[in-house]
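Q: Need a 3D model of the following:
(one chain, ligands or ions: 2)
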Amino acid sequence: IFLKILEPCDFSRGRFRIENFIESSKYAQNLFKIQNEIVQNVKDESLAENVPIITDEVLNYMIFTAKNMKAGNILEIGTATGYSGLFLARVANENGGFLTTMEIDEKRYGKAVENFKKLGLFEKNRMILGDALEEIPRLDKGIKYDFIFIDASKGQYLKFFEMSYELLNENGIIFIDNLMFRGLVAVKKEEIPKRYKTIVKRLKEFIEKLNEEYNFVLLPFGDGVGIVKK
Ligand code: SAH
Ligand code: MG
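A: Numbering: from 1, shown residues only. Ligands and ions are numbered 1, 2, ... in the order given. Sure, this is the predicted structure:
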């Protein structure tokens, strides 16, 4: 009994240390050596307002992946305040492409535009205010993407995925955040809070489909990261 109580505590403390250690490595942040303070402010402000921005461990891995595949055009679904988008835009622009990012919430979109402007990224990229379910089909079918980041409402992940897969280049990657929803996809049905039951069910069906029909891997770090390579 004692061990059962202690284990999770030790584990979470260990994770806390790991996350701090990763943050101090600042892989992704190195993209903004001179403007680092501005980026840090975007992060601090977003966290203070409880905007669910990407964690450092996932950000570092995502940028590592996008940079190494020399991703040109990048699509992001779920801009929020633009934190993850700043990094993706920088990678895209360094590789001769641009970021297209979508946000449904007007206030967050406004903040994101402001943040992109501060870093000189607004002109070179495309920020769209609207529902991605309507906006993805409106995108120019002639433009394909090397890297797509899905990070919006989890209940719609399958739709976002299917719509954007068509726009993905051969060898391109779709990177999906929060796929394990705080571990809820892995627990018994009875343990899932009522209000999350539908979302968890949809996420599990989505994961199953990805496993069966796509070139897919599920990585159990952060909030669960899914990667599909075309
Ligand atoms: N990628 C951001 C965090 C995104 S949080 C970062 O890491 O910095 C998820 C965002 O998706 C929220 O701001 C939410 O308003 C937005 N969103 C949810 N459903 C959406 C939809 N259907 N279309 C566009 N944006 C959506
Ligand atoms: Mg996320």
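
Q: For the protein, just list every one of the helices.
A: Under the criterion DSSP state H, the chain contains helices at 2-25, 36-48, 56-68, 83-94, 106-118, 132-138, 157-165, 197-213.

Q: Now mean neighbour count and mean pLDDT too, for those, in TSV please.
A: (Glycine included, C-beta is placed from N, CA and C.) Putting the helices of the chain into TSV (neighbours: other Cβ atoms under 10 Å; pLDDT from 0 to 100) gives the following:
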stretch	mean neighbour count	mean pLDDT
helix 2-25	10	63
helix 36-48	15	96
helix 56-68	19	95
helix 83-94	24	98
helix 106-118	17	98
helix 132-138	16	98
helix 157-165	18	97
helix 197-213	15	95
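
Q: Which one, of these, ends up nearest to Leu179?
A: Smallest distance to Leu179 across the helices of the chain (Cβ to Cβ): 6.5 Å, for helix 197-213.

Q: quick check: angle from the closest one to helix 157-165?
A: 40 degrees (axes from the mean of the first three to the mean of the last three Cα atoms, to 10 degrees).

Q: right, is helix 197-213 up against ligand 1?
A: No. Helix 197-213 is not in contact with ligand 1 by Cβ under 6 Å from any ligand atom; minimum separation 12.4 Å.

Q: Pipe the helices of the chain into CSV and attach distance to Gly222 per row.
A: Shown next, in CSV, are those (distance: least, Cβ to Cβ, whole Å):
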stretch, distance to Gly222
helix 2-25, 9
helix 36-48, 15
helix 56-68, 4
helix 83-94, 12
helix 106-118, 21
helix 132-138, 21
helix 157-165, 15
helix 197-213, 15
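
Q: Go through those helices and name the closest to Leu219.
A: helix 56-68 (8.2 Å).

Q: Residues in contact with that closest one: which ones?
A: Defining contact as Cβ atoms under 8 Å, 6 or more residues apart in numbering, one finds that helix 56-68 is touched by 18-19, 22-23, 25-28, 31, 54, 74, 84, 87-88, 91, 94, 146-147, 149, 173, 175, 177, 221-223, 225, 227.

Q: is ligand 1 contacted by the biggest strand by length in the chain?
A: In the chain, assigned by DSSP state E, the strand with the most residues is strand 168-176. No. Using Cβ under 6 Å from any ligand atom, we find that strand 168-176 stays clear of ligand 1, coming within 10.7 Å at best.

Q: got the CA coordinates for that strand in CSV?
A: C-alpha atoms of strand 168-176 as CSV (Å, rounded to 0.1, in the frame of the first residue of the first chain):
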residue,chain,number,x,y,z
LEU,A,168,0.4,16.9,-47.1
ASN,A,169,3.4,16.3,-49.4
GLU,A,170,4.8,12.9,-49.9
ASN,A,171,7.2,12.2,-47.0
GLY,A,172,5.5,15.0,-45.1
ILE,A,173,4.7,14.7,-41.4
ILE,A,174,1.6,15.4,-39.4
PHE,A,175,2.4,16.1,-35.8
ILE,A,176,-0.6,15.8,-33.4
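
Q: for the record, mean pLDDT for that strand?
A: Mean per-residue pLDDT for strand 168-176: 98.

Q: Sheet partners, orientation included, of that strand?
A: strand 145-150 (parallel), strand 225-229 (antiparallel) (DSSP bridges).

Q: Using CSV, write down the CA coordinates of the last one.
A: Provided in CSV are the C-alpha atoms of strand 225-229 (Å, rounded to 0.1, in the frame of the first residue of the first chain):
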residue,chain,number,x,y,z
VAL,A,225,2.2,13.0,-29.4
GLY,A,226,1.2,11.3,-32.6
ILE,A,227,3.3,11.4,-35.7
VAL,A,228,2.1,10.3,-39.1
LYS,A,229,4.5,10.2,-42.1
